[in-house]
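> Need coordinates for the below:
(one chain, ligands or ions: 1)
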Amino acid sequence: MITLPLAGVSTELNRRVLRQDFRHSDLVSSGVDVLEVKNIKFSYGRKVVLADVSLDLAYGANLFLGRNGAGKTTLMRVLAGANRPDSGEVRLDGEPFQWGSGSTRRVLRRVGWLPQTFGFPPRMRVDEFIAYAAWLKEVPSSRVAERSRVVLELVDLTERSREPLKSLSGGQLRRAGLAAAMVADPELLILDEPTAGLDPEQRDNFHELVRHVRQEKVVVVATHLLEDVDALAEHLVVIDQGAVRWTGTPAELVRQADGEVGLGALRAGFQALIGQES
Ligand SMILES: Nc1ncnc2c1ncn2[C@@H]1O[C@H](COP(=O)(O)OP(=O)(O)OP(=O)(O)O)[C@@H](O)[C@H]1O
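Prediction:
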């Protein structure tokens, strides 16, 4: 059985760890928009994938919904600094991304990203992988051991920390990726289909984890699973054909549906907006 520390009897202890370690600036709980995305355009060659994306996000869980090919991953890659847009602007807590310059490296230290898939040296140990991620994000060396300990505990991989990555299951590997994404205590945490391939219990544990960290981060999650919406979302962003089609709360999405309840209502609301399930 896989149980995140946050979901078990040691919850209070972990909350204390989180409070000490996941504290952010005075913007916490102030409700102001921390991530500002303005008029982003992005093309692969001549193919325009993001047409004109503008979006303001506050602390909390923000779910990107959209059918296959809508542009969710491409937008996440822009927010993670991996795709340089053709035009437009992104600011995190007022600080602009200026792709290719030193100041963008400074902003990106405050961004954690779990891509859909990631490469890794198979023999590298889990703890080495986390330390490497910390080094990439320029975590001061005096803090690496403590940060590694906290994130490995959060994803329940402490006991596997000295094992090679190649020995992990798919779900465990995603949890190692999540630990790496969180090691620098990012203000913006980008998770691209983090629950894909997780079993129901792992998914519940992941929801628990996000519910704990979302108060002090802008968490952006791309998902196809309405269970994720039901469990996590405070704010939904529906993306279609490279543009933001709709934003609102799950309750507002349900209002788009006609008389349905539960997950069926979320699905019907989404279909009313897009004309097809994600
Ligand atoms: N490297 C690439 N080169 C060319 N086109 C690409 C590339 N990556 C993505 N695309 C195209 O960009 C569009 C948006 O893709 P993207 O992966 O952002 O969508 P998505 O909403 O994340 O889809 P999914 O839900 O299937 O992951 C698609 O038409 C896709 O074919």
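> so what's the residue lying closest to Pro96 once chain neighbours are set aside up against?
Take Pro96 and drop its neighbours on the chain: the residue closest to it by Cβ to Cβ, 6 or more residues apart in numbering is Glu89, 6.3 Å away. All C-beta spots, glycine's among them, are computed from the backbone N, C-alpha and C. By Cβ atoms under 8 Å, 6 or more residues apart in numbering, the contact set of Glu89 is 36-40, 96-97.
> for the host helix or strand of Glu89, which positions count as buried?
In the assignment (DSSP states H and E), Glu89 maps to strand 87-92. Burial within strand 87-92, assessed by neighbour count using 16 or more other Cβ atoms under 10 Å, is assigned to 88, 90-92.
> And the helices in the stretch 151-278 of the chain?
Under the criterion DSSP state H, counting those that start in this stretch, the stretch 151-278 of the chain carries helices at the ranges 170-182, 200-213, 226-232, 250-256, 262-274.
> Adding distance to the ligand and mean pLDDT, write the ones you listed out as JSON lines.
Listed next are the helices of the stretch 151-278 of the chain as JSON lines, based on distance: least, Cβ to the nearest ligand atom, whole Å; pLDDT from 0 to 100:
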{"stretch": "helix 170-182", "distance to the ligand": "15", "mean pLDDT": "92"}
{"stretch": "helix 200-213", "distance to the ligand": "18", "mean pLDDT": "88"}
{"stretch": "helix 226-232", "distance to the ligand": "13", "mean pLDDT": "85"}
{"stretch": "helix 250-256", "distance to the ligand": "18", "mean pLDDT": "80"}
{"stretch": "helix 262-274", "distance to the ligand": "12", "mean pLDDT": "73"}
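> Give me whichever of those helices is most buried.
Most buried of the helices of the stretch 151-278 of the chain by mean neighbour count (mean count of other Cβ atoms under 10 Å) is helix 170-182; its value is a mean of 23.
> angle of it against helix 200-213?
Taking axes from the mean of the first three to the mean of the last three Cα atoms, to 10 degrees, one finds helix 170-182 and helix 200-213 inclined to each other by 10 degrees.
> number of nearby residues for Gly60?
18 (other Cβ atoms under 10 Å).
> quick one, what contacts the nearest residue to it once chain neighbours are set aside?
Distance criterion Cβ to Cβ, 6+ apart; nearest residue to Gly60, sequence neighbours excluded, is Glu234 at 4.3 Å. Counting by Cβ under 8 Å, 6+ apart, Glu234 touches 60-62, 214, 249.
> List just the nearest of these to Val126.
Arg214 (24.6 Å; Cβ to Cβ).
> near the ligand, which residues of the chain?
Residues of the chain found near the ligand (Cβ under 6 Å from any ligand atom) are 44, 47, 49, 66, 68-74.
> circling back to that earlier point, report the mean confidence score over the strand holding Glu89.
Per-residue pLDDT over strand 87-92 has a mean of 94.
> next SSE after it?
Counting by DSSP H and E, what follows strand 87-92 is strand 95-96.
> ok now the following helix or strand past that following strand, how far from the chain's centre?
On the C-terminal side of strand 95-96, the nearest following helix or strand under DSSP H and E is helix 102-108. Put simply, helix 102-108 sits 19 Å off its chain's centre (Cα atoms, centre = their mean, to the nearest Å).
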